[in-house]
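Novice: After the sequence you'll find the predicted model.
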Amino acid sequence: MPPIRLTLVVASAGWAGVTATSAVVGFPAPPLFWAGFAVTLALAGANLVAATACGTAPAARAAHVAVALGVYATAFPAAHALLGPGHFDAPPDAGPGAWAAFAVAHLLRAADALDLVRDWGAVQAVRHTSPTAAGLLVGFHLIAGAFVVDAIGRAAGRARRTLVGDMPRTMAVVLLSVFARLGLAACAAVPLGMAIGQVQNSGIRVFDWRAVPLAAAAAVGCLGLLRLATRLRDRSRVGPADPGDALGELGADAGRPLARAGAVVLAPASVALLVALVSITGLAANEIGAAGMAWWAVDQALRGADFADVMQLFDLRVTAGPALPAAVLPAVCLRAAGSAVVGVAVHRLWRLARPAPVPTR
């Protein structure tokens, strides 16, 4: 490690020790805390700059981020001791272990990009109880969350580079072909079933002629979907030769395990997920109304995009959500979408700020 980086790490560790010992002060001293917190922010920021500098090795990057988080974490017991009561709910005998567990719990909450866990129960004996303490925690979550969303953006980029190609286009052909053929089968089965029922129960009226034009119109629509699948196949040059064989020969490179898994698992799983989301969304909208559902969707997307956890720490919400337990499924999907969008944006900004070094001959 270069001398300047080693000096920064040693200075940060020393200041963290000084800040931690300030908890023994027996009287409130807010000016002393804010002066020390300014030094803490400067050291944490310097470590983050060193972590994001071009040419930093992965081990050195992880070390600087850990030091920044460690230095920042020592500000919490110092705030409890120097800012006076009312900011943290801590047991009278809370020692370094309780405050370390508090920092680890919030580190896990910052890493929880979907905000699925609000409290870590007995693991987190200390809790914040004031807006000032929540503001201090926002900075801690921001440091950890920035690297989490960058990792999410990097993963999303890898997934896009991996999947964009034969797989998504072939999945479109598969889904359209399956839907169209199932629809055609249903259009034929409904009149046929009514006719068989009428023959078996001649005393009552089973066959309804009004269903025939509807079935015919639906069959025309299914034929259109099948034609669209064929055109997508031809335009994207996706094999196999016939969309009807897509479930057996998925993709131009049908021998890949991923392609066969997509044929067997991804297509029905995506259909099941879509049906479940539509059904649950309809039930939730029936409970809170269409406008309430729209605002709730905005709230969930913002929670996913809020990688500093401001909404969670300050207990902010756009609107109350539905009481339906199954609504957690669309909530998770909306939060995942928000996290992915922000993650990709942060990762691209990160790449703009840190351009890749030009290879030298």
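Specialist: Here it is on my side, so go on.

Novice: Residue ranges in the stretch 51-200 of the chain under the pLDDT threshold?
Specialist: Scanning the stretch 51-200 of the chain with the threshold set as pLDDT under 70 gives 117-123, 149-175, 178-179.

Novice: Please, where are all the helices along it?
Specialist: For the stretch 51-200 of the chain, the helices defined by DSSP state H, counting those that start in this stretch occupy 58-73, 75-82, 96-111, 131-163, 166-200.

Novice: Looking at these, which is nearest to Trp295?
Specialist: helix 131-163 (23.5 Å; CB to CB). Glycine gets a C-beta too; all of them are placed from N, C-alpha and C.

Novice: Spit out the contact partners of Met311.
Specialist: Met311 sits next to 115, 302-303, 317 when contact means CB atoms under 8 Å, 6 or more residues apart in numbering.

Novice: Now which of those residues would you call buried?
Specialist: The neighbour count (16 or more other CB atoms under 10 Å) marks 115, 302-303 as buried among the contacts of Met311.

Novice: now the residues you listed in JSON lines, with distance to Ser12?
Specialist: Output for the buried ones among the contacts of Met311, formatted as JSON lines (distance: CB to CB, whole Å):
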{"residue": "Asp115", "distance to Ser12": "29"}
{"residue": "Leu302", "distance to Ser12": "34"}
{"residue": "Arg303", "distance to Ser12": "32"}
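
Novice: Which of those residues sits closest to Ala62?
Specialist: Once CB to CB is applied, the member of those that ends up nearest Ala62 is Asp115, at 24.4 Å.

Novice: Identify the residues contacting the closest one.
Specialist: 109, 303-304, 306, 309, 311-312, 335.

Novice: what do you get if the cut-off is 7 Å, keeping everything else the same?
Specialist: Residues in contact with Asp115 (CB atoms under 7 Å, 6 or more residues apart in numbering) are 303, 309, 312, 335.

Novice: which parts of stretch 199-215 are buried?
Specialist: Under 16+ other CB under 10 Å, the buried positions of stretch 199-215 are Ala215.

Novice: quick one: average confidence on stretch 325-343?
Specialist: Stretch 325-343 comes out with an average pLDDT of 81.

Novice: Centre of the chain to that stretch, how far?
Specialist: Centre-to-centre, stretch 325-343 and its host chain are 6 Å apart (CA atoms, centre = their mean, to the nearest Å).

Novice: next one: stretch 89-103
Specialist: On CA atoms, centre = their mean, the centre of stretch 89-103 falls 30 Å from that of its chain.

Novice: if I pick Trp15, what's in contact with it?
Specialist: Here Trp15 is in contact with 39-40, 43, 71 (CB under 7 Å, 6+ apart).

Novice: Off-centre distance for the helix or strand hosting it?
Specialist: Trp15 belongs to helix 3-21 when assigned by DSSP states H and E. Helix 3-21 sits 34 Å away from the centroid of its parent chain (CA atoms, centre = their mean).

Novice: Now do the buried residues in it.
Specialist: Applying 16+ other CB under 10 Å to helix 3-21 flags 5, 8-9, 11-12, 15-16, 19-20 as buried.

Novice: Looking at these, which two lie furthest apart in space?
Specialist: Arg5 and Ala20 (22.7 Å).

Novice: can you pull the contacts of Leu226?
Specialist: Counted by CB under 7 Å, 6+ apart, Leu226 has contacts 177, 180.

Novice: would it count as being in a strand?
Specialist: No. Assigned with DSSP: H, G, I helix; E, B strand; the rest coil, Leu226 falls outside any strand and is helix.

Novice: Roughly how far does it sit from Arg181?
Specialist: As judged by CB to CB, to the nearest Å, Leu226 and Arg181 stand 7 Å apart.

Novice: before we move on, what about Val310?
Specialist: For Val310 relative to Arg181 (CB to CB), the value is 49 Å.

Novice: before we move on, what about Arg303?
Specialist: 40 Å.

Novice: about what we covered before: please identify the deepest-packed of the helices of the stretch 51-200 of the chain.
Specialist: helix 75-82 (a mean of 24; mean count of other CB atoms under 10 Å).

Novice: From the chain's centroid, how far away is that helix?
Specialist: With CA atoms, centre = their mean, you get 32 Å for helix 75-82.

Novice: Give me the pLDDT value at the residue nearest to Trp296 when sequence neighbours are not counted.
Specialist: Nearest residue to Trp296, sequence neighbours excluded (CB to CB, 6 or more residues apart in numbering): Gly321, at 4.8 Å. What the model reports as pLDDT for Gly321 is 84.

Novice: Next, count neighbours for Gly321.
Specialist: Gly321 has 21 neighbouring residues, counting by other CB atoms under 10 Å.

Novice: Distance-wise, check it relative to Arg335.
Specialist: Taking CB to CB, one finds Gly321 at 12 Å from Arg335.

Novice: who are the neighbours in contact with Pro348?
Specialist: Heads up, residue 348 is Arg, not Pro. Arg348 sits in contact with no residue, where contact means CB under 7 Å, 6+ apart.

Novice: and it, what helix or strand is that in?
Specialist: Short version: Arg348 belongs to helix 328-353, going by DSSP H and E.

Novice: before we move on, what about Ala308?
Specialist: Going by DSSP H and E, Ala308 is not part of any helix or strand.

Novice: helix/strand/coil for the residue lying farthest from the centre of the chain?
Specialist: Ranking residues of the chain by C-alpha distance from their mean position (CA atoms, centre = their mean) puts Gly203 at the top, at 58.5 Å. With three-state DSSP as the basis, Gly203 sits in coil.
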